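S.K.: Just the structure for this:
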Amino acid sequence: MSRIHPGKLAVDGRRVKIAGSGENAVGIMLGLVTECFLVSEGTGGSALSPYPVHKISIAPFAQEMRRETSLWGQLLGFQVISGTVSGHGMTFSTRKKIPGSQC
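M.R.: Residues are numbered from 1 along each chain as shown. As a prediction, the model looks like this:
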């Protein structure tokens, strides 16, 4: 989505769609996988209250990320992005694992 003209996209609720079609827009993040706990468990939460989670961390290519987040801000009307960011990059987690269940 970082290279598309903003006029070709539309917001429907909290989803970005292709304008005039109703189809969801898809963003592909290019970067380096720095941490991967998709099969085995990693740790989520704070240092005071950690919990097991499946996740992947990606260090995005800086220029693409700047374009992408600028577009998100323009379309969705925000100026600040918050999320799980560390020295490993951006982390995308699954839901919190409940003891005794399988992810």
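S.K.: Can you show me the strands along the protein?
M.R.: Under the criterion DSSP state E, strands of the chain are mapped to 9-12, 15-18, 31-45, 50-60, 85-86, 89-93.
S.K.: how about the ones you listed, which one is nearest Leu71?
M.R.: Closest approach to Leu71 among the strands of the chain (CB to CB): strand 9-12, 7.7 Å. Every C-beta, even on glycine, is put in place using the N, C-alpha and C of the backbone.
S.K.: So which residue is dead centre in the chain?
M.R.: For the chain, the residue sitting closest to the mean C-alpha position, by CA atoms, centre = their mean, is Phe92 at 5.7 Å.
S.K.: I'd like the distance from it to Gly20, if you could.
M.R.: Distance from Phe92 to Gly20, counting by CB to CB, to the nearest Å: 29 Å.
S.K.: Gly77 now?
M.R.: Gly77 sits 20 Å away from Gly20, going by CB to CB.
S.K.: circling back: I'd like to know which of the strands of the chain has the weakest mean confidence.
M.R.: When the strands of the chain are compared by mean pLDDT, strand 85-86 comes last with a mean of 74.
S.K.: returning to that earlier point: got TSV for the strands of the chain, with distance to Glu68 too?
M.R.: Formatted as TSV, those follow (distance: least, CB to CB, whole Å):
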stretch	distance to Glu68
strand 9-12	12
strand 15-18	11
strand 31-45	11
strand 50-60	8
strand 85-86	14
strand 89-93	11
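S.K.: Now do the contacts for Ala65.
M.R.: Quick fix: residue 65 is Met, not Ala. Residues in contact with Met65 (CB atoms under 8 Å, 6 or more residues apart in numbering) are 2, 29, 31.
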